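Participant: Kindly generate the corresponding structure for this input.
(one chain, ligands or ions: 1)
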Amino acid sequence: MEFRPSLFTFDDGSAVMCKNCWKRRRPELLDTLSREAFGITPEKPEKVGFTELSEDDKCASGHAVLKRLSVEFETEKGLFSFPMNLFVPTAPFNAPSEYPASGAGFTLKRSPLILLINFRPDAYDMYYPAEEIIDHGFALGVIDYQAVTTDDADMTNGLAAMYTRRNDGTDWGKIGMWAFAMSRALDALETLPYLDTENVTFIGHSRLGKTALWAGAQDERARFVVSNDSGCMGAAYERAKNPGGETVKDITTAFPFWFCDNLRKYADDAESMPFDMHYLLALQAPRYLLVGSAEEDLWADPANEKACAEGVQPVWDLYGEKESIHYHLRTGVHFLGRPDWIEYLSFIEKHL
Ligand code: GCU
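Facilitator: Prediction:
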């Protein structure tokens, strides 16, 4: 038995040798992570829409329009909606544009979309330098995660309340719900002509970095997936933790509700897990995967984030992709700040 479950062995024991085999291996990895880690995601709703609640056309000194949207879709138990802030860069003043904003004098510029799942509802927030992102030519959609469902064990509020639970260990946890919201936001935004949805980025920090990875694993429309300091049950291997690194036992004790109940089976024996986090990273192939760590963020286990990001390169090799995984380690502590954004934006810009 290998130290970690192999990406290149089908569940029936046969070998994954080529790109076509990988396409059949992919659903097996998704299935394992669904049943044993994050829980099973409900079917995609047939129709997702949005309502524009308001528009500020003077945002970022006129460099962008800020739209406040409500994303809406049918669930098993009726209509569900959550708010989203959407910044869209404006074209230079008086430039011709096909996409007039409703306000006077401003026109929208067709822009690649970054979708951030964030910690707070504020339209300007310390986790993202809005103006800088806009000036790099990106549209930015921001979801406040707790407007989807609260970050606790309560399964009776928000999206958590909208689907029946099976109580068999595979019910989705909160990370699954936040990830689902990212995909539904993209469903809604895909209809907008001024967004370049061929170039979509999913990004999140920490618990929301785990979320962005799980969203990217399930939703291949994200061409770029960014995990910032996602650590345990995100980008870091769970076997052979480095000193100070969070373990499956730690995370299932403090935050059991982020995952499906089955994950708790492995709390005392991570070695017996039928997966490790290379499954989650490999599911991003052959798209662009950006993994960021911080030197002092030992809880997230930067060395294991790096090892895991490097360890999945053989999957990209099947596609002949040598430069699609980008690992970045900065100095300092656990945070998603301007230096991280600058690193990610410049990588993404090069690959648009
Ligand atoms: C806790 C948790 C981590 C998580 C972090 C965060 O520290 O143990 O797994 O990434 O919170 O989301 O900030």
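
Participant: Grab the nearest non-local neighbour of Asn118.
Facilitator: In space, and not counting its chain neighbours, Asn118 is closest to Val142: 5.2 Å by CB to CB, 6 or more residues apart in numbering. Glycine gets a C-beta too; all of them are placed from N, C-alpha and C.

Participant: sorry, that was for Ala300
Facilitator: Excluding its sequence neighbours, the residue lying closest to Ala300 (CB to CB, 6+ apart) is Gly231, at 2.9 Å.

Participant: Next, the contact list for Phe255, please.
Facilitator: By CB atoms under 8 Å, 6 or more residues apart in numbering, the residues touching Phe255 are Arg207.

Participant: picking that back up, in three-state terms, label the residue nearest to Asn118 for me.
Facilitator: strand (DSSP: H, G, I helix; E, B strand; the rest coil).

Participant: can you give me the strands in this structure?
Facilitator: 48-59, 64-75, 78-89, 111-118, 139-144, 195-205, 222-228, 288-294, 325-330 (DSSP state E).

Participant: Any chance of those in TSV with distance to Leu7, mean neighbour count and mean pLDDT as columns?
Facilitator: Below are these laid out as TSV (distance: least, CB to CB, whole Å; neighbours: other CB atoms under 10 Å; pLDDT from 0 to 100):
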stretch	distance to Leu7	mean neighbour count	mean pLDDT
strand 48-59	32	15	93
strand 64-75	33	20	97
strand 78-89	34	20	97
strand 111-118	26	24	98
strand 139-144	30	24	98
strand 195-205	21	23	98
strand 222-228	17	27	98
strand 288-294	14	26	99
strand 325-330	14	18	98
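
Participant: okay if I get the ones you listed as CSV plus distance to Met17?
Facilitator: CSV is the format used below for the strands of the chain (distance: least, CB to CB, whole Å):
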stretch, distance to Met17
strand 48-59, 38
strand 64-75, 40
strand 78-89, 42
strand 111-118, 35
strand 139-144, 39
strand 195-205, 30
strand 222-228, 25
strand 288-294, 22
strand 325-330, 21
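
Participant: Can you say which of those is nearest to the ligand?
Facilitator: strand 195-205 (7.2 Å; CB to the nearest ligand atom).

Participant: what's the spacing between the closest one and its chain's center?
Facilitator: 9 Å (CA atoms, centre = their mean, to the nearest Å).

Participant: who's in contact with that strand?
Facilitator: Here strand 195-205 has contacts from 88, 110-119, 127, 138-139, 182, 186, 189-190, 209-212, 215-216, 219, 221-230, 335-336, 344, 348, 352, using CB under 8 Å, 6+ apart.

Participant: Can you pull out the low-pLDDT segments for the stretch 101-250 of the chain?
Facilitator: 101-106 (pLDDT under 70).

Participant: Near the ligand, which residues of it? Just list them.
Facilitator: When proximity is defined by CB under 6 Å from any ligand atom, the stretch 101-250 of the chain lies next to the ligand at Ser206, Arg207, Gly231, Cys232, Glu246.

Participant: Neighbours of the fourth one, how many?
Facilitator: Counted with other CB atoms under 10 Å, the burial measure for Cys232 works out to 26 neighbours.

Participant: That one: what's its closest spatial neighbour, skipping adjacent residues?
Facilitator: Excluding its sequence neighbours, the residue lying closest to Cys232 (CB to CB, 6+ apart) is Glu246, at 3.9 Å.

Participant: Ok, Gly158 next?
Facilitator: Thr149 (3.4 Å).

Participant: hang on, the earlier thing: I'd guessed the residue nearest to Asn118 sits against Leu113; true?
Facilitator: No: with contacts counted by CB atoms under 8 Å, Val142 stays clear of Leu113, the gap being 11.3 Å.

Participant: Helices along the stretch 151-300 of the chain, start to end?
Facilitator: 174-189, 207-218, 248-254, 278-282 (DSSP state H, counting those that start in this stretch).

Participant: Keeping just the C-alphas, turn the third one into PDB.
Facilitator: Pointing back at helix 248-254 there. The C-alpha coordinates for helix 248-254 follow below in PDB (Å, rounded to 0.1, in the frame of the first residue of the first chain):
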ATOM      1  CA  VAL A 248      -8.000  16.200  10.700                       C
ATOM      2  CA  LYS A 249      -8.700  15.600  14.400                       C
ATOM      3  CA  ASP A 250      -8.300  19.300  15.200                       C
ATOM      4  CA  ILE A 251     -10.600  20.400  12.400                       C
ATOM      5  CA  THR A 252     -13.300  17.800  12.900                       C
ATOM      6  CA  THR A 253     -13.300  18.700  16.600                       C
ATOM      7  CA  ALA A 254     -13.600  22.500  16.200                       C
END
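
Participant: Other residues contacting that helix?
Facilitator: With CB under 8 Å, 6+ apart as the criterion, helix 248-254 contacts Cys232, Met233, Glu238, Trp258, Phe259, Leu263, Arg264, Tyr266, Ala267, Asp268, Ala270, Met273.

Participant: make it 7 Å
Facilitator: Contact with helix 248-254 is made by Cys232, Met233, Glu238, Phe259, Leu263, Arg264, Tyr266, Ala267, Asp268, Ala270, as judged by CB atoms under 7 Å, 6 or more residues apart in numbering.
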